[in-house]
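> What follows is a predicted protein model with its sequence.
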Amino acid sequence: MNDASPSYRLLPGAPDSPVILHVPHGSRVIPAAVRDGIVLDDAALERELDYITDAYTDRIAEGAAERSATRPWRFVNRLSRLVVDPERFPDEREEMLAVGMGAVYTRTTHREVLRGADYDGRPLVYRYFHPYAAAMTDAVTDRLAAVGRAVVVDVHSYPSEPLPYELHGDGPRPPVCLGSDPFHTPADLLATAQDAFAGFGGTGVNSPFGGAYVPLRYYGRDARVTALMIEIRRDVYMAEPGGVAGPGVGALADALARLVDVLTTV
């Protein structure tokens, strides 16, 4: 892709599917103009990308789409979260600002300097964050118009050992963590996901990461939009950090497809 390309890709699913698989953190791509504002040398940046990228989550979502009886829609971030993180609040509401990881990161996973103290991240928010959020909002609006409901399933991963940036890293780290929202994650959605991912050694809820992504237009306002975050511990399917994928990728795609099939028919 070039700097003028959209930072996201919406991959169509079946017209009658309410499910959007959202893959926000799976890319390592950083445009050259954005790279210039990062103070790490190339080797350190590659190492940081190993730690911060939810590697192979795009493959897990793609595999699930191929295996599902009714193909879900997929919304995939084409850029690294080191450009902007589309799942952060772009203002003071974001708790990760405490460790330099708001919408535009200024610190690394190990709390080292990523961008200088005088770096102005606002151009990145305007160039990348707002168009991404608008496109994701449109994708949800389209599903509501077509089907009458939308189910956003975030596909993430997280390291087996806590990293220094984590604000809640002292809690359980199950093989699959399910992030829920008190308004947008009904109990049956959570239970369905627990059943679908039961074969990986256990699931947990909201630890070490919690919540679920919903576009702000609908957040806390429209119960027709339901949401769930799936955080897969990386040692379940890959070598850490940033290593090769293992057979767990296929097994996780199967589990995610089972979840999608239930969500499509309920």
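Nice, I can see it.
> Look up how far Leu40 lies from the most far-flung residue of the chain relative to its centre.
Relative to the C-alpha centroid of the chain, counting by Cα atoms, centre = their mean, Asp118 is the outermost residue, at 28.3 Å. To Leu40, Asp118 is 17 Å away according to Cβ to Cβ, to the nearest Å. Placement of C-beta: from N, CA and C, glycine included.
> which SS state does the residue farthest from the centre of the chain fall under?
coil (DSSP: H, G, I helix; E, B strand; the rest coil).
> Do you know the pLDDT at it?
Per-residue pLDDT puts Asp118 at 93.
> And the helices in the protein?
Ranges of helices in the chain, per DSSP state H, are 32-35, 42-52, 57-67, 122-124, 130-147, 187-196, 248-265.
> Make CSV from those helices and add mean neighbour count to it.
As requested, the helices of the chain are arranged in CSV below (neighbours: other Cβ atoms under 10 Å):
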stretch, mean neighbour count
helix 32-35, 14
helix 42-52, 16
helix 57-67, 21
helix 122-124, 14
helix 130-147, 17
helix 187-196, 17
helix 248-265, 20
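> As TSV, those helices with mean pLDDT and distance to Tyr237 would be great.
Below are those laid out as TSV (pLDDT from 0 to 100; distance: least, Cβ to Cβ, whole Å):
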stretch	mean pLDDT	distance to Tyr237
helix 32-35	96	29
helix 42-52	98	15
helix 57-67	98	8
helix 122-124	96	31
helix 130-147	98	25
helix 187-196	97	15
helix 248-265	97	3
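> Including distance to Arg173, could the ones you listed go into a markdown table?
Shown next, in a markdown table, are the helices of the chain (distance: least, Cβ to Cβ, whole Å):
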| stretch | distance to Arg173 |
| --- | --- |
| helix 32-35 | 31 |
| helix 42-52 | 15 |
| helix 57-67 | 17 |
| helix 122-124 | 31 |
| helix 130-147 | 28 |
| helix 187-196 | 17 |
| helix 248-265 | 16 |
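> Could you pull out the strands in the stretch 151-266 of the chain for me?
176-179, 203-205, 225-233 (DSSP state E, counting those that start in this stretch).
> What pairs with the first one, parallel or antiparallel?
As defined by DSSP bridges, the strand partners of strand 176-179 come to strand 203-205 (parallel), strand 225-233 (antiparallel).
> Can you say which of those is packed in most?
Compared across the strands paired with strand 176-179, strand 225-233 shows the largest average neighbour count, a mean of 25 (mean count of other Cβ atoms under 10 Å).
> Please save the CA atoms from that one in CSV.
The C-alpha trace of strand 225-233 is given here as CSV (Å, rounded to 0.1, in the frame of the first residue of the first chain):
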residue,chain,number,x,y,z
VAL,A,225,-25.1,-3.4,18.3
THR,A,226,-23.5,-6.2,20.4
ALA,A,227,-19.8,-6.7,20.8
LEU,A,228,-17.2,-9.1,22.2
MET,A,229,-13.4,-9.0,22.3
ILE,A,230,-11.5,-12.2,21.8
GLU,A,231,-7.9,-12.0,23.2
ILE,A,232,-5.9,-15.2,22.4
ARG,A,233,-2.8,-15.9,24.5
